[in-house]
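Chemist: Here you go, sequence then predicted model.
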Amino acid sequence: MFKTKNQKIDLLAKKCFPERIVELEKLFSSPTKIYIDYANVRPWSEKLGWHVEPQRVLQFFRSFDTVRDIKIYSGTLKGDLKSEKENKDLADSFGSGYITKSVKIMKKSIDVSSISASSPDILKNFIRPSLLRQLKIETIEYMNAQLADLNKQGVYFIEDRKCNFDVEIGRDMLLDYEKKECDCFALWSGDSDFAGPVGQLLKDGKRVYIFSTARKVSRELSELVPDGLYIYDIEKIRNFICWNKEMEGSSANK
């Protein structure tokens, strides 16, 4: 059952998009837990043309009485004021459902001064071997020349940031299953690394939903659709979860 105390969500649900509520009530017909890989979700805005607002996601899905818990996983870049504020806001909103760890910053060399123009030694740190083998020598030489130009400007390293929650999310999903706390699992990520735990849950007769955007679901997850995986396009609930200024024209935004 859907019931909200938020006036804007209530108006959207009753007057503008009641069919979305009916659809989700059917999906969440039994105890459900939601897992949001925010590092995976945040970049979707480039594809969507609008942003997913975590606090609105929380307000919206808490309105379904079968949703038992909503967890959000977000890395914190220590010393970065914007990152620290964003994560404080998430912690304040999600409470115990907020999980974080420090973003790792790794320096990777782009110094090509000691290699030949046709050497792939530096490029292999950034390009998968299967693709690198397909590149022509001329392409490798051109890319090395671009790196050499950066070296002349005094740039010899780039920073690569990494903060992956695949292990933590997969673990939490399987633990929740073992504790028999829910029957439905809603995962906000299209990452291929989730194919293992998702496949196991489906094999054990549980319902699993991937909340994502078009063409952002990995092949490995898409291949589980015949086994019962349901992929839900978040474009359908845009007005419930986006920034206020990005809402499509509706009476709720006037």
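Modeler: The structure has been received and is ready for your questions. Residues are numbered from 1 along each chain as shown.
Chemist: Looks to me like Glu159 is in a strand.
Modeler: Yes: judged by DSSP: H, G, I helix; E, B strand; the rest coil, Glu159 forms part of a strand.
Chemist: Verify the stated contact: it with Val103.
Modeler: No: the criterion here is CB atoms under 8 Å, and Glu159 misses it with Val103 at 10.4 Å. C-beta here means a position set from N, CA and C on the backbone, and glycine is covered the same way.
Chemist: which of those two has more neighbours?
Modeler: Val103 (16 against 8; other CB atoms under 10 Å).
Chemist: what's around Val22, how many residues?
Modeler: By the criterion of other CB under 10 Å, Val22 has 11 neighbours.
Chemist: hmm, I was thinking of Ile115
Modeler: The burial count for Ile115: 14, using other CB under 10 Å.
Chemist: repeat for the one 3 residues further on
Modeler: Neighbouring residues of Ser118 were enumerated by other CB under 10 Å; the total is 10.
Chemist: ok now do it, which residues does it touch?
Modeler: Ile137, Ile140, Glu141, Asn144 (CB atoms under 8 Å, 6 or more residues apart in numbering).
Chemist: Mind giving me the PyMOL select for those residues, buried ones only?
Modeler: The PyMOL command for the buried members of the contacts of Ser118 (criterion: 16 or more other CB atoms under 10 Å) is given here:
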select buried, resi 140+144
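Chemist: pLDDT score assigned to Asn164?
Modeler: The model reports Asn164 with a pLDDT of 86.
Chemist: tell me the secondary structure for it?
Modeler: Secondary structure state of Asn164, per three-state DSSP, is coil.
Chemist: give the contact list for it.
Modeler: By CB under 8 Å, 6+ apart, the neighbours of Asn164 are Ala39, Asp193.
Chemist: let's see 7 Å
Modeler: The contact partners of Asn164, taken as CB atoms under 7 Å, 6 or more residues apart in numbering, number zero.
Chemist: can you offset everything so residue one is 14?
Modeler: Sure, I'll start counting at 14 from here, so that last one is Asn177.
Chemist: domain parsing for this structure?
Modeler: Per the record, the chain has its domains at 20-115+177-266, 118-174, by automatic domain parsing.
Chemist: tell me the most buried of those domains?
Modeler: domain 20-115+177-266 (a mean of 17; mean count of other CB atoms under 10 Å).
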